[in-house]
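# Show me how the following folds:
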Amino acid sequence: MHRFRERMDNQNPEWELSVIFGRINLFYFTGTMQDSMLIIPRDDDALLWVRRSYERALDESGFPRIMKMESFRDAAQNSGPLPGSVHLETGILPLAHYQRFSRYFPIPAMFSLDRDVAMVRAVKSRYELGLMEKAGRIHEEVLENRVPGLLREGMTEVEFAGDLYRLMLEEGHHGITRFGMFNSEMLIGQMGFGETTLYPTCFDGPGGSLGICPAVPLLGNRNRRLKRGDLVFVDTGTGFGGYHTDKTMTYQFRGSLPDAVIREHERCVQVQDDLAAMLKPGVIPSSAYTTIMDGLDDAFREGFMGFGDRQVQFLGHGTGLQVDEIPVIALGFDEPLEENMVIALEPKKGIAGVGMVGIENTFVVTPSGGRCITGKSRGMLPV
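Numbering: from 1, shown residues only. Model prediction:
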């Protein structure tokens with residue numbers, strides 16, 4: 001809360017009141033994820049108003065001021081008049097919810113606090129890093145050591161996804177993979193066999209997936225079966241205590257891929273290593289992106305970060321309570337990195353007839369460069 005207030009004072013010197021409704025941000029500030037709203041006056045203590053469940057909020061949260069409400073009317077009757085401006089989560093607040101709120105809390109002027117909260121969340125505390133390191137150890141154990149034992153000839157992508165999810169839960173995964181992207185849905189991640197990992201999706205990432213059906217373009221396909229010589233691609237988020245790491249591994253199933261494919265994969269791994277060395281306090285994400293992209297030849301750029309014309313415009317992204325946080329290693333992200341930011345680097349390349357090669361690991365920004373918390377494997381594990 002202190003860092004949020006400090007950020008608001010610096011970036012929005014005239015701010016008067018902030019109100020938070022999003023459950024991820026509520027959890028970040030209060031330690032509970034209830035149906036509630038957090039009111040943060042500039043010159044007074046913050047107050048958490050809880051509709052459901054007030055009892056659970058008291059059990060889970062050490063927040064100093066928690067009050068019960070049945071509706072916004074209750075909170076309004078026990079609050080003073082609103083100031084002239086209010087900062088809200090404009091990126092996630094539904095219009096209908098805003099209208100219900102503003103019926104009792106008329107807002108003369110509305111501004112966004114989304115980026116300010118995101119930048120505060122981007123720098124992880126020792127406690128948060130501890131949770132992410134546990135998530136990273138689960139990631140390493142599952143993808144580097146356990147997945148090869150799951151793969152069997154003839155299994156479908158859906159069967160593999162089910163076995164993988166069960167294994168992740170057994171190892172301690174908190175069971176859900178959260179994204180902040182509007183309208184995004186994800187159960188485990190993107191995974192598939194061979195060329196299905198190039199199939200176009202609405203998800204803003206380099207990989208692809210056929211999915212179960214047009215209504216559920218997730219998990220994998222019920223008809224695509226694993227065969228000898230297949231590339232297996234697994235891109236998953238793993239979480240512990242609410243905090244995520246992101247990792248991608250590739251496998252060669254009962255056969256060797258062509259040397260040219262292996263070389264393209266190894267080039268992606270080298271890009272990851274070069275980027276990881278840049279993850280130091282003070283480095284500008286957009287500059288790191290430009291440095292890497294300018295060093296790639298035209299032949300390698302074809303299919304890099306997405307197959308065909310579906311190339312994404314980033315090389316890495318922050319992760320934490322959600323998999324897709326800031327900072328992003330991309331153009332337009334010009335605020336310097338800070339120590340203990342956590343960033344997933346994911347250089348990948350789509351190859352026709354083969355699938356998506358490359359790698360992804362999660363790194364902590366340190367003065368000596370990125371410290372990997374999701375394992376050491378270079379990918380392309382033979383199975």
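# can you give me the helices in the chain?
2-11, 23-30, 54-60, 72-77, 95-104, 114-122, 126-140, 147-150, 157-171, 259-278, 285-294, 298-301 (DSSP state H).
# For residue 41, which of those helices is the nearest?
The closest of those to residue 41 is helix 2-11. By CB to CB, the value is 10.2 Å. Placement of C-beta: from N, CA and C, glycine included.
# helices or strands up against the closest one?
helix 114-122 (3 or more CB pairs under 8 Å, 6 or more residues apart in numbering; DSSP states H and E).
# what about 10 Å?
Packing partners of helix 2-11 (3 or more CB pairs under 10 Å, 6 or more residues apart in numbering; DSSP states H and E): strand 17-20, helix 23-30, strand 35-41, helix 114-122.
# what's that helix in contact with?
With contact meaning CB atoms under 10 Å, 6 or more residues apart in numbering, helix 2-11 is reached by 14-16, 18, 20, 25, 28-29, 40, 42, 46, 87, 113, 115-117, 119-121, 123, 125.
# picking up where we left off before, what's the closest of the helices of the chain to residue 357?
Using CB to CB as the measure, helix 259-278 is the one of the helices of the chain that comes nearest residue 357, at 4.0 Å.
# so for the closest one, what's the average pLDDT?
Mean per-residue pLDDT for helix 259-278: 98.
# got the angle between that helix and helix 285-294?
Counting by axes from the mean of the first three to the mean of the last three CA atoms, to 10 degrees, helix 259-278 lies at 150 degrees to helix 285-294.
# buried set for helix 259-278?
261, 264-269, 271-273, 275-276, 278 (16 or more other CB atoms under 10 Å).
# can you pull the contacts of residue 330?
Residue 330 neighbours (CB under 10 Å, 6+ apart): 285-286, 288-290, 293, 312-317.
# Reformat those as TSV; add neighbour count and pLDDT.
Formatted as TSV, the contacts of residue 330 follow (neighbours: other CB atoms under 10 Å; pLDDT from 0 to 100):
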residue	neighbour count	pLDDT
285	28	98
286	17	98
288	25	98
289	22	98
290	13	98
293	16	98
312	17	96
313	13	96
314	19	98
315	25	98
316	28	98
317	25	98
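# which one of those residues is nearest residue 57?
residue 317 (30.9 Å).
# can I assume that closest one is in contact with residue 346?
Yes - between residue 317 and residue 346 there is a contact at 7.8 Å, judged by CB atoms under 10 Å.
# Domain-wise, how is this protein divided?
Under the assignment automatic domain parsing, the domains of the chain span 2-120, 123-382.
# Report the mean per-residue pLDDT for the shortest one.
This means domain 2-120. 95.
# Nearest to residue 201, out of the contacts of residue 330: which one, please.
Nearest to residue 201 out of these is residue 312 (CB to CB; 11.4 Å).
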